[in-house]
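Predicted coordinates and the sequence they were generated for:
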Amino acid sequence: AQSVTQPDIHITVSEGASLELRCNYSYGATPYLFWYVQSPGQGLQLLLKYFSGDTLVQGIKGFEAEFKRSQSSFNLRKPSVHWSDAAEYFCAVGTPGGNKLTFGTGTQLKVEL
Amino acid sequence: NAGVTQTPKFRVLKTGQSMTLLCAQDMNHEYMYWYRQDPGMGLRLIHYSVGEGTTAKGEVPDGYNVSRLKKQNFLLGLESAAPSQTSVYFCASSYVWRVGSYEQYFGPGTRLTVT
């Protein structure tokens, strides 16, 4: 069965600084990978996804993520964080031919002004 | 399009009471899911459905039942609520845009407290 690890529970960055949120997965083949964002009191919104092809994927709100097979990672990045990016971020993994996602435990991002 | 909607948004139950949470989607998605979200545990899948009239168990199905009588609706029932079921419940739906590929769209959540 697949699994996802988000090693950082909380991260604090200054507005304008760069951001990298870590995600490691466990799966025997190439998985489907997703990043979702959850603002306080809201549901989850899809930021970006990776199925195949180019390992650097672009998403909404200026986010990008890079799939690194050798490291079993799918880290989320943003070059310059805005105060409105403060939220909880979830990495998720799915399997080709499957229909379920497995979510990580989330990383809470705080942005200092 | 309203997307995925959930009813109610908040609910307080006493131990032993029953209730049903309603999820509706207007995107003609085949798949629908119920999750619970607890602090530090991410989202855990309770039950899911791959089509009208079909349901399957997820990771944490005990104490819950579901039904998918119409393609656009997915109901989650608690027969006898327990304090351990205090949580935020999310519904999601997805389509298959190519074989084996899918992404999920989430509702706004229902915050349930069982006292």
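The structure has been received and is ready for your questions.

Could you list the residues of chain A in contact with chain B?
A:9, A:32, A:34, A:36, A:41-46, A:49, A:51, A:90, A:94, A:96-101, A:103-106 (C-beta under 8 Å from any C-beta of the partner chain). Every C-beta, even on glycine, is put in place using the N, C-alpha and C of the backbone.

Go again with 6 Å.
Within chain A, the positions adjacent to chain B are A:G43, A:L44, A:L46, A:K49, A:F51, A:P96, A:G97, A:N99, A:F103, A:G104, A:T105, A:G106 by C-beta under 6 Å from any C-beta of the partner chain.

need the residues you listed in JSON lines with neighbour count and distance to B:V66, can you?
Output for those, formatted as JSON lines (neighbours: other C-beta atoms under 10 Å in any protein chain shown; distance: C-beta to C-beta, whole Å):
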{"residue": "A:G43", "neighbour count": "20", "distance to B:V66": "19"}
{"residue": "A:L44", "neighbour count": "28", "distance to B:V66": "20"}
{"residue": "A:L46", "neighbour count": "16", "distance to B:V66": "23"}
{"residue": "A:K49", "neighbour count": "19", "distance to B:V66": "26"}
{"residue": "A:F51", "neighbour count": "19", "distance to B:V66": "28"}
{"residue": "A:P96", "neighbour count": "14", "distance to B:V66": "26"}
{"residue": "A:G97", "neighbour count": "8", "distance to B:V66": "23"}
{"residue": "A:N99", "neighbour count": "18", "distance to B:V66": "15"}
{"residue": "A:F103", "neighbour count": "21", "distance to B:V66": "19"}
{"residue": "A:G104", "neighbour count": "24", "distance to B:V66": "24"}
{"residue": "A:T105", "neighbour count": "18", "distance to B:V66": "24"}
{"residue": "A:G106", "neighbour count": "25", "distance to B:V66": "25"}
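
With respect to A:Q58, which of those is nearest?
Nearest to A:Q58 among the residues of chain A next to chain B, counting by C-beta to C-beta, is A:K49 at 10.7 Å.

Kindly confirm my reading that the closest one is in a strand.
Yes. Under DSSP: H, G, I helix; E, B strand; the rest coil, A:K49 sits within a strand.

Neighbours of the nearest residue to it once chain neighbours are set aside, how many?
Of all residues not flanking A:K49 in the chain, A:F34 sits nearest, at 4.9 Å (C-beta to C-beta, 6 or more residues apart in numbering or on different chains). When counting by other C-beta atoms under 10 Å in any protein chain shown, one arrives at 27 neighbours for A:F34.

what's the answer for B:A82, then?
Using other C-beta under 10 Å, B:A82 has 12 other residues around it.

any idea how far B:K9 is from it?
21 Å (C-beta to C-beta, to the nearest Å).

For the least confident helix or strand in chain A by mean pLDDT, which outside residues touch it?
Least confident element among the helices and strands of chain A, by mean pLDDT, DSSP states H and E: strand A:101-103 (a mean of 91). Strand A:101-103 is contacted from outside by A:Q2, A:V4, A:F90, A:A92, A:V93, A:G94, B:G42, B:L43, using C-beta atoms under 6 Å, 6 or more residues apart in numbering or on different chains.

partners of that strand in the sheet?
Strand A:101-103 has its sheet partners listed here by DSSP bridges as strand A:87-94 (antiparallel).

what does the strand it pairs with contact?
A:2, A:4, A:6, A:21, A:23, A:25, A:31-39, A:101-104, A:106-108.

ok, now with 7 Å
A:2, A:4, A:6, A:21, A:23, A:25, A:27, A:31-39, A:44, A:74, A:76, A:100-104, A:106-109, B:42-43, B:102 (C-beta atoms under 7 Å, 6 or more residues apart in numbering or on different chains).
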